[in-house]
Each structure stands twice: as structure tokens, then as C-alpha cells.
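J.: only geometry, no sequence info:
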């Protein structure tokens, strides 16, 4: 269940607010993860460009949802771009502040939670990296058996 924008503001009281205009790029694919975005109002389109084709729509996000968490959790560059679909108000939380909130302490439960989040983030990034094949940009499975093999490859590491 996503939190309401007011709850996010209480969690990160010192974070700055920013307004993005329609069509403005909020996050650029390949960029470094300097901050987490909490959408306070408006809609955001998350998209990925693959080999010069039109952008592939990955998600639409709205108030109370967050953007940019994968890069912060994995330490990798941004895996997609995010564009304001209209005026968007967002809370910008520095990545160091996000990481400080994620550290669950050195007790067993805290270390487990931290590792669980990082593991899920890495798996999702691997899935996003394979997305071009499943969208037909690379070799598209053309038979039921080919699709089954592709899905097995896609989910091979998820049972670990």
C-alpha cells in the first residue's frame, strides 16, 4: 500500500520540494542516483529507450509513489528516464538521507531487511536489462516452446 504524500513529508521533513513542468525530464537514463523522488502531485511516465526506437513505457506513477529507488539501492546508474506528464510536485530526498533511513541497525533483523531490499532491487534491475528481448527488440520467441525458454531464463534466479 502506497503512503500518502503527507506521510512522506513527515518522514523526510528537510527534503526540498520541486515543481516539474509538463514534458520535463525528472530522471535521465544513465544518470547517477543523487536523490529519491517522492511524487506529491501529478503523473510521471517512466520510459526506456532501446537502440534508437521510440521509448518503451515501463510505468506511470502518481501521488505517494517513489522514483529512483533502484539506483540508490544497487549503486548503479539510472535504468530508465522519468518524464512529467503534466505539472508534477515532487519531494527530492538526497540519496545519503535515503541510505541512512534504510540501515536497519546491526542487529540480525536490520541486516536481513537491508539484504532483502538490495536483493530484490538487483533482481528487478536484471529483469529490466532483459526487457528488450521480451519486447521483441532482440530475438523474439516465436513459438510456445521459445517463449517458455525465455520465461525460464527470465525467472531462473528468482527462486534463490
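T.: Thanks, I have the structure now. Nothing here was measured: the structure is a model prediction, and the numbers come from that model.

J.: Check for me that residue 118 belongs to a helix.
T.: Yes. Applying DSSP: H, G, I helix; E, B strand; the rest coil, one finds residue 118 inside a helix.

J.: My read is that it contacts residue 72, right?
T.: No. Residue 118 lies out of contact with residue 72 (CB atoms under 8 Å); the separation is 10.4 Å. Using the backbone N, CA and C atoms, a C-beta is placed for each residue, glycine as well.

J.: what about those two, which has more around it?
T.: residue 72 (21 against 14; other CB atoms under 10 Å).

J.: quick one: contacts for that one?
T.: Each residue near residue 72 by CB atoms under 8 Å, 6 or more residues apart in numbering is listed here: 33, 36, 95, 98, 99.

J.: Turn these into JSON lines, columns for secondary structure.
T.: Formatted as JSON lines, the contacts of residue 72 follow (three-state DSSP):
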{"residue": "33", "secondary structure": "coil"}
{"residue": "36", "secondary structure": "strand"}
{"residue": "95", "secondary structure": "helix"}
{"residue": "98", "secondary structure": "helix"}
{"residue": "99", "secondary structure": "helix"}
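
J.: Report the buried members of those residues.
T.: By neighbour count, with 16 or more other CB atoms under 10 Å, the contacts of residue 72 hold 33, 36, 95, 98 as buried.

J.: Residue 59 touches residue 48, doesn't it?
T.: No. Residue 59 lies out of contact with residue 48 (CB under 8 Å); the separation is 10.2 Å.
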